[in-house]
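Student: compute the structure for the input listed below.
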Amino acid sequence: MSDDINDPNPLKAIGQRLKAARQSVGLSQRDVCAALGVGTSAWNHWEMGRRSPDLMTLIRFSKTYGISTDWILSGEPPDAQYTPEQRAAIGHRLGAVRHALEMSLEDFAAAIEVELPALVRWETGEDSPNLHAMSRMARRFRVTLDWIFLGDPAGLPHRIAGKALKAAS
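Tutor: A predicted model of the protein is given here:
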């Protein structure tokens with residue numbers, strides 16, 4: 001997923017979220033296309049932000065894989081999108097990044113422009129992180145959203161990878 005999920009091109013941002021959603025359930029483009037009855041070329045165009053899926057396909061995708069259409073279209077993940085275990089894992093990875101950067105809760109909250117109580121709820125897994133704040137964090141500290149939301153260590157810069165991976169385990 002791009003570090004800038006808030007791309008000014010709404011089709012590109014939707015495409016990035018479709019790709020992240022597909023990957024979050026561990027499926028290839030071919031798998032999703034077979035399940036939904038769409039061509040791989042069409043799906044590829046959607047993920048690349050060249051075209052948008054029709055509404056019925058988007059709804060089928062959402063219902064089949066438990067992905068919120070609100071999140072795909074707007075980028076705001078509802079709390080119901082994540083299980084308590086997923087929220088805890090996301091919070092743990094967020095805390096691991098903060099610890100690797102050797103920042104206090106207060107300094108980290110200020111750096112990503114969020115209120116301290118919100119950051120505490122995110123790190124403890126009580127609430128899902130705000131995607132806009134996570135995008136700011138990703139840009140500022142060069143950590144991809146794939147690390148925070150999916151746990152993909154390829155999204156960690158070398159300067160914090162070892163510390164964050166150790167803190168996350």
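Student: going forward, measure contacts and count neighbours with C-alpha atoms only.
Tutor: Will do.
Student: residues contacting the residue sitting nearest the centre point of the chain?
Tutor: The centroid of the chain falls nearest to residue 149 when counting by Cα atoms, centre = their mean (4.4 Å). Going by Cα atoms under 8 Å, 6 or more residues apart in numbering, residue 149 touches residue 90.
Student: show me what the mean pLDDT comes to for the longest helix along the chain.
Tutor: Of all the elements of type helix in the chain, the one with the most residues (DSSP state H) is helix 84-100. For helix 84-100, mean pLDDT rounds to 89.
Student: then stretch 134-145?
Tutor: Taken as a whole, stretch 134-145 carries a mean pLDDT of 79.
Student: do the same with stretch 162-169
Tutor: 70.
Student: swap in stretch 22-31?
Tutor: Stretch 22-31 shows a mean pLDDT of 81.
Student: and what of stretch 37-52?
Tutor: Mean pLDDT, stretch 37-52: 93.
Student: any buried residues in that stretch, and which?
Tutor: In terms of neighbour count (16 or more other Cα atoms under 10 Å), stretch 37-52 has its buried residues at 43, 44, 45, 46, 47, 48, 49, 51, 52.
Student: and if you look at stretch 82-98?
Tutor: 82, 87-98.
Student: contact partners for the most far-flung residue of the chain relative to its centre?
Tutor: Largest separation from the mean C-alpha position in the chain: residue 37, at 25.7 Å (Cα atoms, centre = their mean). For residue 37, the contact set (Cα under 8 Å, 6+ apart) is empty.
Student: if we can go back for a sec, could you list the residues in contact with the longest helix of the chain?
Tutor: By Cα under 8 Å, 6+ apart, the residues outside helix 84-100 that reach it are 104-105, 108, 122-128, 147-151, 160-161, 163-165, 167-168.
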